[in-house]
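# Generate coordinates for the sequence data below:
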Amino acid sequence: MGHPHKRKRGQWNKGKSLGESGGKSAPSVKRPKAWETKTWVLENANFEAYYKAQDIVPAGEWDDFLTTMRKKLPTNFRVSSCSVRRQIVLDRIQKEFAPAMQGLEIDGEKINPPRSLPWYPGGLGFQFDLDRKTLRKSKVLNDFQSFLVKETSQGDISRQEAVSMIPPLFLDVQPHHRVLDMCAAPGSKTAQLIEMVHANGLDSNPSGCVVANDADTARVKMLVHQLKRLHSPAVMVINHDARSLTTFPLSGPNIPEKFLRFDRILADVPCSGDGTMRKAPDIWENWKCANGNALHRVQLDILLKGIQLLAPGGRLVYSTCTMNPIEDEAVIAEALRQHPNDIDIVDMSDMLPNLKRLEGVLDWKVAVDNEGELKFLNKEDKFEEITKAKIVESMFPSADPDPRLKRCMRVLPQQQDTGAFFITVIEKKLDATEQLSKAEKMAERYAIYKQNKSSEASSFDAESGEVTATDQVGNATADGEGASGEPRKRPDRFFRELKDYELRPVQGEHEHFLDDISSFFGMERSVASTHLLASSEDCRGIYLVNPVLHALMASQHNPKPHVFWAGIRAFERNSTTQGGSWRMRNEATSHLKQLCSKRKIDMCPDDIAT
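Residues are numbered from 1 along each chain as shown. Next comes the predicted model:
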């Protein structure tokens, strides 16, 4: 379900370099059909000079690094950890397709069967060293490709680059966690997060939730398409610039919090994407150090916003698909400088022990493009020259670096035949200084205004959030023209009613629909009123969400999330003369069976067979 838009939201575009998933490179480029067949020149002197100067590649590995960067990226996929068919899918891969590929040769080249990624938990991640063209040259390979396509459409398998699977694993998401994916499209990592929230089974109804955000409208639609496969009532897709996200208000009978803060946040930020060169060889030709420089401030703003939205004791993972320290360690270093006592970098060296990685660096170089050549800068360089290239102070390393930067992690391609990725795990301390969002500050001031309204002792300025005292005759004591009688009313900009988006609580003239569903399907009325949302103004369909997401949509206070889609379509109008006025949708039955006491029949496979 989508919401019509007249314009794109957000001021920057997080495009992929190519393909299904990985990190987010910017800007997005729509490539012509001939792109895959073009012969690319896999060399760039400035790229090599820049990364030699950064000294991020271990001594003696530079040649292996470049050689691997010029090879095509293997195909990777993973089996859903919460799929009821998980073991069936694994058995087909390991006991049917892998043996059939043993000894197989294509054009004189030996084909290696799919193999498990040694570091992925449960043996659910796989690597396959073939491209799509080769898959068409053998019946066994073609059958395997058809199997992957079918299982992907059913949500049992996700096609995803290996290093892209890493950040969600370090988040350690539990079923009760409220999770935010700040830059979610196209959704492969978001799907991992949803699976973790559904650790007790995809048919479970967890108390936690996943809110997936993206700034680009077109990519949000792709995100919805990706996540709909999982049929989860605990997911919501919203469309905001990640830098302007706020703590959205909640309103529910069993929800004690007034605003939604998150226990886990994934900030997989837009980046220059040079870690994806193996699947996007055009980056070799287009690489400039200015690409990373231009994104540093955006990345920092997103990270700082994530820290603000994170609950005390919560965990945030910052990740990029670039090797560039300006987009990596420099961003983390500035966040540490701005929050010296509120956050810490978690040492993850004991987690995923079979994943080869490098620690973060404490020193790096800042460079600009100077007539086709690299020019490395120092803080002492002329101010005009630095500002012209949009260089800011936070890009430079500190003379006294924070040793915690070594807890950052960088994965390079030559280590385990992957793309490149940067990951940092940040934890917000339990005693962290509370950072109230603008919405929370406005809510506090508005509460004071409401409390004093009956005595007409104050007036509320919705524009500034200021509460102004008044004297007994209603004259404002603050500077400016006073008003006699009633305090002057102003439009309540931040607390006006929710605009008419498609999803909304079932209420008003349609509230009797909840009674119909409760009566016919045996769903408790209190459950219906905290789990069901109408899909349109005339309530053509009803969606199932969990109580946290319902409370998010039920609040009448702004700011409200711009919701594209949430939950599962659970009920639709019954146009036949048989049964009740509503019928249950098939994709929601596994969740509804736990919430309904009527219209259920327990059957076993033998009953169906006979």
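
# so where's the chain shaky on pLDDT?
For the chain, the stretches with pLDDT under 70 are 1-37, 131-132, 382-388, 434-501, 577, 608-610.

# Who does the residue minimising distance to the centre of the chain form a beta bridge with?
Centroid-nearest residue in the chain, with C-alpha atoms, centre = their mean: residue 181, separated by 2.6 Å. Beta-bridge partners of residue 181, counted by DSSP bridges, are residue 212, residue 266.

# how close does it get to residue 174?
Distance, residue 181 to residue 174, using C-beta to C-beta, to the nearest Å: 16 Å. Yep, even glycine has a C-beta here, placed from its N, CA and C like the rest.

# Same check on residue 123?
22 Å.

# How about residue 45?
Relative to residue 174, and taking C-beta to C-beta, residue 45 is found at 48 Å.

# before we move on, what about residue 381?
48 Å.

# before we move on, what about residue 106?
44 Å.

# would you list every one of the helices in the stretch 251-400 of the chain?
Along the stretch 251-400 of the chain, the segments classed as helices by DSSP state H, counting those that start in this stretch run 282-286, 289-309, 329-338, 383-388.

# In PDB, list the C-alpha atoms belonging to the first one.
Listed next in PDB are the C-alpha coordinates belonging to helix 282-286 (Å, rounded to 0.1, in the frame of the first residue of the first chain):
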ATOM      1  CA  ASP A 282      31.800   2.300 -13.200                       C
ATOM      2  CA  ILE A 283      33.000   3.600  -9.900                       C
ATOM      3  CA  TRP A 284      36.600   3.100 -11.100                       C
ATOM      4  CA  GLU A 285      36.000   5.600 -13.800                       C
ATOM      5  CA  ASN A 286      34.000   8.100 -11.700                       C
END
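
# Can you give me the buried ones in it?
283-284 (16 or more other C-beta atoms under 10 Å).

# all strands of the stretch 451-600 of the chain, in order?
458-461, 466-469, 504-505, 532-534, 541-544, 563-566, 568-573, 582-584 (DSSP state E, counting those that start in this stretch).

# looking at these, which is closest to residue 389?
When these are compared for distance to residue 389 using C-beta to C-beta, the nearest one is strand 563-566, at 37.2 Å.

# rewinding a little: between the strands of the stretch 451-600 of the chain, which gets nearest to residue 210?
Among the strands of the stretch 451-600 of the chain, strand 563-566 comes nearest to residue 210, with 10.4 Å by C-beta to C-beta.

# Other residues contacting that closest one?
1-3, 220-221, 223-224, 227-228, 235-239, 501-503, 533, 543, 545, 549, 553 (C-beta atoms under 8 Å, 6 or more residues apart in numbering).

# For residue 332, give me its contacts.
303, 318, 345, 360, 405, 408, 424, 426 are the contacts of residue 332 under C-beta under 8 Å, 6+ apart.

# For residue 579, see how far away the first one is.
If you measure residue 303 against residue 579 using C-beta to C-beta, the figure is 52 Å.

# Please say which of the two ends up with more neighbours.
Higher neighbour count among residue 303 and residue 579: residue 303, with 25 against 11, using other C-beta atoms under 10 Å.

# Give me the phi and psi for the spatially closest residue to residue 520 that is not a sequence neighbour.
Sequence neighbours aside, residue 580 is the residue nearest to residue 520 in space, at 3.7 Å (criterion: C-beta to C-beta, 6 or more residues apart in numbering). Per-residue torsions, residue 580: phi -80, psi -170 (degrees, to the nearest 10).

# What separation is there between residue 580 and residue 541?
15 Å.

# circling back to that earlier point, between the strands of the stretch 451-600 of the chain, which one is nearest to residue 275?
Comparing the strands of the stretch 451-600 of the chain by their distance to residue 275 (C-beta to C-beta), the top pick is strand 563-566, with 28.5 Å.

# Return the residues in contact with residue 331.
Here residue 331 is in contact with 296, 299-300, 303, 318, 394 (criterion: C-beta under 8 Å, 6+ apart).

# Then residue 184?
Counted by C-beta under 8 Å, 6+ apart, residue 184 has contacts 190, 212-214, 223, 237, 266, 268.

# Would you mind giving those as TSV with neighbour count added?
Compiled in TSV, the contacts of residue 184 are given as follows (neighbours: other C-beta atoms under 10 Å):
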residue	neighbour count
190	28
212	30
213	25
214	31
223	26
237	29
266	29
268	29
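
# Give me the phi and psi for residue 127.
Torsion angles, degrees, to the nearest 10, at residue 127: phi -130, psi 140.

# what about residue 45 and residue 174, which has more around it?
Shown here are residue 45 and residue 174; by other C-beta under 10 Å, residue 174 has more neighbours (15 against 10).

# continuing past the helix or strand hosting residue 87, what's the next helix or strand?
In this structure, residue 87 sits in helix 86-91 according to DSSP states H and E. Using DSSP H and E, the helix or strand that directly follows helix 86-91 along the chain is helix 98-101.

# Name the residues that touch that next one?
Taking C-beta under 8 Å, 6+ apart as the rule, helix 98-101 contacts 111-114, 140-141, 144.

# just to revisit the earlier point, export the strands of the stretch 451-600 of the chain to CSV and tack on distance to residue 196 and mean neighbour count?
Listed next are the strands of the stretch 451-600 of the chain as CSV, based on distance: least, C-beta to C-beta, whole Å; neighbours: other C-beta atoms under 10 Å:
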stretch, distance to residue 196, mean neighbour count
strand 458-461, 42, 20
strand 466-469, 43, 15
strand 504-505, 28, 20
strand 532-534, 24, 23
strand 541-544, 20, 24
strand 563-566, 18, 25
strand 568-573, 18, 20
strand 582-584, 27, 18
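
# so which of the contacts of residue 332 comes closest to residue 584?
residue 318 (41.7 Å).

# That closest one: what's it in contact with?
The contact partners of residue 318, taken as C-beta under 8 Å, 6+ apart, are 267, 269, 303, 306, 331-332, 423-424, 426.

# Which pair in those residues has the greatest spatial separation?
306 and 423 (14.2 Å).

# Settle it for me: which of these two has more neighbours?
Higher neighbour count among residue 306 and residue 423: residue 306, with 27 against 23, using other C-beta under 10 Å.

# Quick check: that one vs residue 300, distance?
From residue 306 across to residue 300, the span is 11 Å (C-beta to C-beta).

# Look up how far residue 96 lies from the closest residue to residue 420 other than its chain neighbours.
The spatial neighbour of residue 420 that comes closest, neighbours along the chain excluded (C-beta to C-beta, 6+ apart), is residue 275 at 3.1 Å. Residue 275 is 34 Å from residue 96, where distance means C-beta to C-beta.
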